[in-house]
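Peer 1: Okay, sequence plus prediction incoming.
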Number of protein chains: 2
Amino acid sequence: MRIQSFISREQDYALRITAYLAGLKKGEFVSVRNMAATLRISQKFASRIAHKLKKADITDSIQGKYGGVFLKANPQKISMWDVLNIIGFKIKFNDCMCENVFCEFELGCKFHSFFVQQEQIFMDTLKKQKISDYILHHLIKTS
Amino acid sequence: MRIQSFISREQDYALRITAYLAGLKKGEFVSVRNMAATLRISQKFASRIAHKLKKADITDSIQGKYGGVFLKANPQKISMWDVLNIIGFKIKFNDCMCENVFCEFELGCKFHSFFVQQEQIFMDTLKKQKISDYILHHLIKTS
DNA sequence: TTTAAATATTACCCAACAAGTAATGTTTAA
DNA sequence: TTAAACATTACTTGTTGGGTAATATTTAAA
């Protein structure tokens, strides 16, 4: 039985990509093809993710032949939360706290309060994790 | 856009049902029909959940006309974790920690370590939450 | 100026799963 | 005997994750 993860593959890949690019030296960049191969992501999928990250000013790219992608943002200033959000991560422990779901028990329901609290704790934790602490050093080829 | 919750509706309903039954006086029981109406769950769905809880010795039932369901376990001894597990809750923050997924980066990947740690923290928290602390008092009819 | 090799962007596909509904069986008080 | 409850299994339906396919655009180099 396959069980759904809290964070999706795409969101995980976005973290990997960001953490990988954060390990490149200043001025370096890699083709999506090479990066995807290193990170074991399909090239097309990696390309789409890199583009989403670019639109959010996390990465940038050089188009055309011999182009590639690189990190634009300061890895010490971007958190796991930032990256996940770009790829559509919405923290939601329980449907009862969804904006467009009216839970009539909400006020008297301690489960609701519990989930609200846990969400907050986890969100704060994600915001504290900076990409600079997660650089994938061992995947960077030394040239 | 509808976003998937960490815990499913069925799991949430199981919590509600358990917390509701925990509020009944000793010896009392309710028909699934009444309980389902009070908790705003479809009768059929509630019935199926109650049956799962019974198989796990959380609830028990009286069959036949004028039958119903009631809590069998001690609500101070059953946790949210226990109830969720019965309904198939598998804590899994990220696919990379799934048994049958081989993540070749695992050892050098700090994301992996982070998710393992967060899972453990959240699991421990769920185990500490006892159903007795979540009784839905305001939904119990005083007779 | 043409071409090859890159990124950019949109459209589409498919299997798995959540969330329920339907149907039928079984039990028991009256 | 019957009505009203629980028990159990099978089916339905819409959503979504996780891609692939196709095509457009850009640019270095021949």
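Peer 2: Looks like it came in fine.
Peer 1: Can you list the neighbours in contact with stretch A:66-86?
Peer 2: A:7, A:11, A:14-15, A:18, A:21-22, A:24, A:28-32, A:34-35, A:50, A:52-62, A:123, A:126-132, A:134-135, B:111, B:114 (Cβ atoms under 8 Å, 6 or more residues apart in numbering or on different chains). Any C-beta I mention is one placed from the backbone N, CA and C, and that applies to glycine too.
Peer 1: Give the buried residues for that stretch.
Peer 2: Going by neighbour count (16 or more other Cβ atoms under 10 Å in any protein chain shown), the buried part of stretch A:66-86 is A:68-71, A:73, A:75, A:78-86.
Peer 1: now, among these, which is nearest to residue B:92?
Peer 2: Of all the buried residues of stretch A:66-86, the one with the least separation from residue B:92 (Cβ to Cβ) is residue A:84, at 15.7 Å.
Peer 1: Now that closest one: which helix or strand?
Peer 2: Take DSSP states H and E as the rule and residue A:84 turns out to sit in helix A:80-86.
Peer 1: what is the mean pLDDT for that helix?
Peer 2: Helix A:80-86 shows a mean pLDDT of 96.
Peer 1: Any residue of it touching DNA strand C?
Peer 2: No. Helix A:80-86 does not reach DNA strand C (Cβ under 7 Å from any atom of the strand); its nearest approach is 13.5 Å.
Peer 1: The following helix or strand past that helix vs DNA strand C: in contact?
Peer 2: Next helix or strand after helix A:80-86 toward the C-terminus (DSSP H and E): helix A:110-128. No. Helix A:110-128 does not reach DNA strand C (Cβ under 7 Å from any atom of the strand); its nearest approach is 14.0 Å.
Peer 1: just stretch A:9-28 next, same as before
Peer 2: No. Applying Cβ under 7 Å from any atom of the strand, one finds stretch A:9-28 out of contact with DNA strand C, separated by at least 11.3 Å.
Peer 1: hmm, back to that, got a ChimeraX select line for the buried ones in the contacts of stretch A:66-86?
Peer 2: The buried residues among these can be selected in ChimeraX (16+ other Cβ under 10 Å) with this line:
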select /A:7,11,14,15,18,21,22,24,29,30,32,35,50,52,53,56,58,59,61,126,129,130,131,134,135 /B:111,114
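Peer 1: Can I take it that residue A:60 is in a helix?
Peer 2: No. With DSSP: H, G, I helix; E, B strand; the rest coil as the criterion, residue A:60 is assigned strand and is not in a helix.
Peer 1: Against residue A:79, how distant is it?
Peer 2: Between residue A:60 and residue A:79 the computed distance is 19 Å (Cβ to Cβ, to the nearest Å).
Peer 1: which SS class is the residue of chain A found nearest DNA strand D?
Peer 2: Minimum separation of chain A from DNA strand D (Cβ to the nearest atom of the strand) falls at residue A:64, amounting to 2.0 Å. Taking three-state DSSP as the rule, one finds residue A:64 in the coil state.
Peer 1: how about it, phi and psi?
Peer 2: Residue A:64 adopts backbone torsions of phi 80, psi -180, taken as degrees, to the nearest 10.
Peer 1: How about the residues of chain A by chain B?
Peer 2: Residues of chain A lying close to chain B by Cβ under 8 Å from any Cβ of the partner chain are A:3-7, A:9, A:12, A:15-16, A:19, A:40, A:80, A:90, A:92-96, A:98, A:104-105, A:108-111, A:114, A:118, A:122, A:125, A:129, A:133-134, A:136-139.
Peer 1: Contacting DNA strand D as well, which ones from those residues?
Peer 2: Checking the residues of chain A next to chain B against DNA strand D (Cβ under 7 Å from any atom of the strand), the matches are A:4-5, A:9.
Peer 1: from those residues, which is closest to residue B:44?
Peer 2: Closest approach to residue B:44 among those (Cβ to Cβ): residue A:4, at 24.0 Å.
Peer 1: tell me the contacts of residue A:15?
Peer 2: If you count contacts by Cβ under 8 Å, 6+ apart, residue A:15 has them with A:80, A:83-84, A:134, B:111.
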